[in-house]
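K.L.:
3D, please:
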Amino acid sequence: MDLEFNKREDINKQKLSDINYLLKEINKCGGEKRLQKQRDEGKMTARERVDYLLDDKKDSIEIGAFAGFEMYEEEGGCPAAGVVVKMGYVSGRQCLVVANDASVKAGAWFPITGKKNLRAQEIAMENRLPIIYLVDSAGVYLPMQDEIFPDKEMFGRIFRNNAKMSAAGIIQISAVMGSCVAGGAYLPIMSDEAMIVDKTGSIFLAGSYLVKAAIGESIDNESLGGATMHCEVSGVTDFKAKDDADALNRIKNIMKSLGDFEKAGFDRIESAEPNEKIENIFGIMPALRNEQYDTKEILKCLTDNSEFEEYKADYGKTIICATARIDGWSVGIVANQRTLVKNGKGEMQFGGVIYSDSADKATRFIANCNQRKIPLVFLQDVTGFMVGSKSEQGGIIKDGAKMVNAVSNSVVPKFTIITGNSYGAGNYAMCGKAYDPRLIVAWPWADLAVMGGSQAAKVLAQIQESTLKKKGKILTDEDRQKLLDEISAKYKKQTEATYAAARLWTDAIINPIDTRKWISMGIEAADHSPITEKFNLGVIQV
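P.N.:
Here you go, the predicted structure:
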């Protein structure tokens, strides 16, 4: 390896180390004092519950660990959005586990908590995966109720999804392991099976204080909605567990009893490791987002035996389209090529930019993968579509629209890895969040924005300077530089991978070494959901 490789490796590994440090802080949840309080009450913490439930010798992936990061700081923060979501295996069956974290504001729902719960349900619904709810929540965070309660994609959508999943035959299991109040009380009761932990679990539409205020009745919470009342009197719950472990063991037993599922039939053979070390990704990826590299070297680190078969290799070279295998699964890869390349006319094309020929190629390849029932993997490092008179005259909008059409109407499962830049309409064409990837993750150094930082900052500075001029203020060169620096710093913050992950624009920031695991588990999940639609490109300008 050369010196430049080693420098890039050091810089990129440091970026991963920074992400791992932040994750370690997030995993402290509401702090050791609050976690210990739960243990003193005879309860496990949210993460202990999830770890106990999941098969320890099988892989798992965490969805939305960065949700809420650096948000709600005036409220004291909301680590991981106050809920732990993992895809893993219980008694050998792949599923999703959603666990309220009572150490964070007593498990109260912030706006981002609702969004994260809905994302978990979306994954379960798309893939027809069993979903397990470990309930321990004080309900909606009242100071922000206007942002969590009434709209379509808010708190109430959770229960609508419960009903839709039940009707679709998607398995839902709930364990009430702490508070379960108000509207949240419907979630376990809309599950296929609901259990409650004795003495620590409680379910009611209104707690004892509110009952006293509303109707004047004096009653304690245990009598009002405890395990004994609900298992022996109301019949709301199906099983009374003596403690957390007892409830979790019952869930394991239920999962053991599940029948088999109808499969989509995606092709898989025995897995093979890449011939190239996957760790080489750290040295291949440049330290700066505007530098060039050969994306094919990245593919060699991700694919079985480092093999892939290119489609139209000599045409539309700024996008690589290839079939390959990842952990044995047959996949179609659509990846931005980040080297300077020559097109068929001998003209140089910038790496990371989508040209008309590249969009045309990708459209046809996506159609082929749909025809052959091959899942699609998008590797995004894109600065956008090519601009300028030549591109406009060549029909870049038309060809870009064809590619967006193909991505939008694709019926095979799609998975998106943001390996570098994700700018503008390039994000859309390469299956950004708005285009329903089954999973979307970013590498630690990824940038997501409408355009690159330096260009955007200059545009924003010009707009602001123009506004100030209209008010009679003339800026000096020093004023202009200060303005540009302030805007650049703010814009840079908004493009970072942590900013996107905090808002669930991505499901996770991952170690590149785990990329194969995320794709493999994602396809395995998708295999639970047979394809019932036919691929149709719709109306396009040819």
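K.L.:
From here on, just use CA atoms for contacts and neighbour counts.
P.N.:
OK.
K.L.:
mind checking the SS state of Gly400?
P.N.:
helix (DSSP: H, G, I helix; E, B strand; the rest coil).
K.L.:
Give me the distance between it and Glu347.
P.N.:
Using Cα to Cα, to the nearest Å, Gly400 is found at 20 Å from Glu347.
K.L.:
what about the two, which has more around it?
P.N.:
Applying other Cα atoms under 10 Å to Gly400 and Glu347 shows that Gly400 carries more neighbours, namely 26 against 8.
K.L.:
Verify the stated contact: that one with Ser358.
P.N.:
No - in this structure, Gly400 is not within contact of Ser358 by Cα atoms under 8 Å, at 9.1 Å.
K.L.:
now the strands: where do they sit in the stretch 401-542 of the chain?
P.N.:
Using DSSP state E, counting those that start in this stretch, the strands of the stretch 401-542 of the chain run over residues 414-423, 439-442, 447-449, 508-509.
K.L.:
so which helix or strand takes in Phe266?
P.N.:
Using DSSP states H and E, Phe266 is not contained in any helix or strand.
K.L.:
Ile320: how many residues sit nearby?
P.N.:
Ile320: 25 neighbours (other Cα under 10 Å).
K.L.:
typed the wrong thing, it's Ser408
P.N.:
For Ser408, the count of nearby residues is 19 (other Cα under 10 Å).
K.L.:
elements contacting the longest helix along the chain?
P.N.:
Ranked by residue count and defined by DSSP state H, the top helix of the chain is helix 3-26. The contact analysis (3 or more Cα pairs under 8 Å, 6 or more residues apart in numbering; DSSP states H and E) places helix 3-26 against helix 281-284.
K.L.:
same question for the helix it packs on, mean pLDDT?
P.N.:
Per-residue pLDDT over helix 281-284 has a mean of 98.
K.L.:
how distant is the helix or strand just after it from the center of its chain?
P.N.:
As assigned by DSSP H and E, the chain's next helix or strand after helix 281-284 is helix 295-302. The chain centre lies 23 Å from the centre of helix 295-302; the measure is Cα atoms, centre = their mean, to the nearest Å.
K.L.:
swap in stretch 38-56?
P.N.:
On Cα atoms, centre = their mean, the centre of stretch 38-56 falls 23 Å from the chain's centre.
K.L.:
thinking again about what came up before, would you mark the buried spots in the next helix-or-strand element following the longest helix of the chain?
P.N.:
From helix 3-26 onward toward the C-terminus, using DSSP H and E, the following helix or strand is helix 32-40. Going by neighbour count (16 or more other Cα atoms under 10 Å), the buried part of helix 32-40 is 34-35, 38.
K.L.:
Stretch 62-82 too?
P.N.:
In stretch 62-82, counting by 16+ other Cα under 10 Å, buried: 62-69, 71, 77-82.
K.L.:
Name the nearest residue to Lys342, sequence neighbours excluded.
P.N.:
The shortest distance from Lys342 to any non-neighbouring residue, by Cα to Cα, 6 or more residues apart in numbering, is to Met348 (4.5 Å).
K.L.:
List the contacts of that neighbour.
P.N.:
Shown in contact with Met348 (Cα atoms under 8 Å, 6 or more residues apart in numbering): 340-342.
K.L.:
Pick out whichever of those residues sits closest to Asn6.
P.N.:
The nearest member of the contacts of Met348 to Asn6, counting by Cα to Cα, is Leu340 at 22.6 Å.
K.L.:
my guess is that closest one contacts Phe350, does it?
P.N.:
Yes - between Leu340 and Phe350 there is a contact under Cα under 8 Å: 5.0 Å.
K.L.:
where do the helices sit along the stretch 251-400 of the chain?
P.N.:
For the stretch 251-400 of the chain, applying DSSP state H, counting those that start in this stretch gives helices covering 281-284, 295-302, 356-371, 389-393, 396-409.
K.L.:
which one of those helices has the lowest average pLDDT?
P.N.:
Among the helices of the stretch 251-400 of the chain, helix 389-393 carries the lowest mean pLDDT, a mean of 74.
K.L.:
ok, residues contacting that one?
P.N.:
355-356.
K.L.:
roughly how far is it from the heart of the chain?
P.N.:
The answer for helix 389-393 is 36 Å, by Cα atoms, centre = their mean.
K.L.:
for stretch 482-495, same thing?
P.N.:
Using Cα atoms, centre = their mean, the offset of stretch 482-495 from its chain centre is 26 Å.
K.L.:
Quick check: buried residues in that stretch?
P.N.:
Neighbour-count burial for stretch 482-495, counted by 16+ other Cα under 10 Å, picks out 483-484, 487-488, 491-492, 494-495.
K.L.:
just stretch 83-98 next, same as before
P.N.:
Buried residues in stretch 83-98, defined by neighbour count with 16+ other Cα under 10 Å: 83-91, 93-98.
K.L.:
what does stretch 192-202 give?
P.N.:
Residues of stretch 192-202 classed as buried by neighbour count (16+ other Cα under 10 Å): 193-202.
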